[in-house]
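Asker: Can you look at this prediction? I've put the sequence above it.
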Amino acid sequence: MIKEQGTAIRLWISSHKYSYAMLYLIFYLVVFFTLDFTMTPKYILHCVLDDMIPFCEYFVIFYFAWYPAFLLALVWFMLRDKWEFQQLWFIMFNGMTFCFLIYILFPNGLNLRTDLPNRNVFCYLLNMVRSVDEAVNVCPSIHVSSSVAVALVTAKPRLFEGHRVRQVAIILLMILISISTLFVKQHSVIDVVCGAAVSLVLYVLAYHTNWRRLLKGRLKVLL
């Protein structure tokens, strides 16, 4: 049974070569953790709005929700609609690459974190995040840019005809994920605004330029 399922998956991938774009996630993980553990921030980001936003460990639920949410969104669009999947990976993956470039050119970080006792499971989860994710390479926020990318593509009505509640729920979740980065002090307002701006610019490029023509031949297997 398992062997048959594996064969079916391989056949599906071989006939849907645009799914190879998901291999970018390997590149993402390697670069993210390499930069996270090797870069020293030169620019500490802070604005007055950061001090006005209270710390709330309960938002770690939405912060953690990002990890399965963005991956499931990619898989769902990949299985349901080739065109919108390509739009999503164009916005999301180019956004991630741009963020990495900014991290290298302008190493940045935060000084918003305070010692957090494990007074409940939410604090424990947040301390676990902090142990593997240093307060460096924060602007633009990849957490936010990828969430905004999912929200923008989800807002296209064609795939959600008759499923408006699901559509609204996904967009709301992406908004809560973005906001959660502020309440758990993982990001500054500056990071959030810049992360959203990255995806908004790429959204315009994705839907108002013929980017496929530019990439045709170079990334033919993905198109």
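Answerer: Structure's in. What do you need? Numbers count the residues shown, from 1 in each chain.

Asker: Tell me if I'm right that N118 and M128 touch.
Answerer: No: judged on CB atoms under 8 Å, N118 makes no contact with M128 at a distance of 9.6 Å. Every C-beta, even on glycine, is put in place using the N, C-alpha and C of the backbone.

Asker: What score does I13 have for pLDDT?
Answerer: According to the prediction, I13 has pLDDT 73.

Asker: Burial check on the residue nearest to it when sequence neighbours are not counted, number of neighbours?
Answerer: Nearest non-adjacent residue to I13, counting by CB to CB, 6 or more residues apart in numbering: S19, 5.4 Å away. By other CB atoms under 10 Å, the residues close to S19 number 19.

Asker: What of T38?
Answerer: 9.

Asker: max-length helix in the chain?
Answerer: helix 82-105 (DSSP state H).

Asker: Distance from that one to the middle of the chain?
Answerer: The chain centre lies 9 Å from the centre of helix 82-105; the measure is CA atoms, centre = their mean, to the nearest Å.

Asker: cool, stretch 34-47 as well?
Answerer: 19 Å.

Asker: I'd like the mean pLDDT over it, please.
Answerer: 92.

Asker: export that stretch as CSV, just CAs?
Answerer: Extracted in CSV, the C-alpha atoms of stretch 34-47 (Å, rounded to 0.1, in the frame of the first residue of the first chain):
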residue,chain,number,x,y,z
THR,A,34,23.1,29.8,8.3
LEU,A,35,22.5,33.5,8.5
ASP,A,36,20.7,33.2,11.8
PHE,A,37,23.7,31.6,13.5
THR,A,38,26.5,33.5,11.7
MET,A,39,25.3,37.1,11.3
THR,A,40,25.9,39.8,13.9
PRO,A,41,23.4,42.7,13.7
LYS,A,42,24.8,46.1,13.0
TYR,A,43,21.4,47.9,13.1
ILE,A,44,19.1,47.5,16.0
LEU,A,45,15.5,48.3,15.0
HIS,A,46,13.0,50.0,17.3
CYS,A,47,10.2,52.5,17.1
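
Asker: Just the buried residues of it, please?
Answerer: Judged by neighbour count (16 or more other CB atoms under 10 Å), stretch 34-47 contains these buried residues: L35, M39, P41, L45.

Asker: The last one reaches I102, doesn't it?
Answerer: Think L45. No: contact between L45 and I102 fails when scored by CB under 8 Å: they sit 11.8 Å apart.

Asker: list residues touching both of the two?
Answerer: Shared between the contact lists of L45 and I102 (criterion: CB atoms under 8 Å, 6 or more residues apart in numbering) are residues N108, C139.

Asker: Tell me which stretches of the chain form helices.
Answerer: Under DSSP H, the chain gives helices at 2-15, 24-38, 48-52, 60-80, 82-105, 121-132, 142-154, 164-183, 189-208, 211-215.

Asker: tell me the contacts of the residue nearest to P157 when sequence neighbours are not counted?
Answerer: Spatial nearest neighbour of P157, excluding adjacent residues (CB to CB, 6+ apart): Q167 at 7.7 Å. Counting by CB under 8 Å, 6+ apart, Q167 touches T154, A155, P157, F160.

Asker: Just among these, which is most surrounded?
Answerer: Counting neighbours by other CB under 10 Å, the top entry in the contacts of Q167 is T154, with 23 neighbours.

Asker: quick one: pLDDT of that residue?
Answerer: 94.
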